[in-house]
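Q: after the sequence you'll find the predicted model.
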Amino acid sequence: MRDETCEQSAPMARTAGIALGDAVCRHALDFARSVVPAQVQVEVLAIDRQGGIVGQAGAFQ
């Protein structure tokens, strides 16, 4: 198995039709919701090095 960086795996996932950034954000959102009070709205964004949003999950979609 090869180790891939996000920079390498994101284009491969996009080509395969996989929303990798959204999947990572969903996992982060699940964790965040496990540690913050239920009344707190949580949104998670994944941002690439150029400042573009490449994934999103949460309250404000």
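A: Cool, the structure landed.
Q: mind giving me the packing neighbours of the helix or strand encompassing S34?
A: Element membership for S34 (DSSP states H and E) is helix 20-35. Secondary-structure packing of helix 20-35 (3 or more Cβ pairs under 8 Å, 6 or more residues apart in numbering; DSSP states H and E): helix 6-15, strand 43-47, strand 53-58. All C-beta atoms are positioned from the backbone trio N, CA, C, and that covers glycine.
Q: what's the most buried one of the ones you listed?
A: Mean neighbours per residue, mean count of other Cβ atoms under 10 Å, is largest over these for strand 53-58, with a mean of 18.
Q: what angle do that one and helix 6-15 make?
A: The directions of strand 53-58 and helix 6-15 differ by 80 degrees, with axes from the mean of the first three to the mean of the last three Cα atoms, to 10 degrees as the criterion.
Q: for the protein, which residue is closest to the average position?
A: Nearest residue to the geometric centre of the chain (Cα atoms, centre = their mean): C25, 2.7 Å.
Q: contacting residues around that residue?
A: Contacts here follow Cβ atoms under 8 Å, 6 or more residues apart in numbering; on that basis C25 touches V44, L45, A46, G55, Q56, A57, G58.
Q: didn't L45 look like it was pressed against G52?
A: No. Counting by Cβ atoms under 8 Å, L45 does not reach G52; the two are 10.3 Å apart.
Q: list residues touching both of these two?
A: Here L45 and G52 have no joint contacts, going by Cβ under 8 Å, 6+ apart.
Q: who touches L29 in this structure?
A: The contact partners of L29, taken as Cβ under 8 Å, 6+ apart, are V42, E43, V44, A57, G58.
Q: show me where pLDDT drops low in this protein?
A: Scanning the chain for pLDDT under 70 picks out 1-4, 61.
Q: neighbours of the residue lying closest to A59 once chain neighbours are set aside, how many?
A: Sequence neighbours aside, Q41 is the residue nearest to A59 in space, at 3.8 Å (criterion: Cβ to Cβ, 6 or more residues apart in numbering). By the criterion of other Cβ atoms under 10 Å, Q41 has 10 neighbours.
Q: and Q41, backbone torsions?
A: phi -80, psi 140 (degrees, to the nearest 10).
Q: nothing else from me, thank you.
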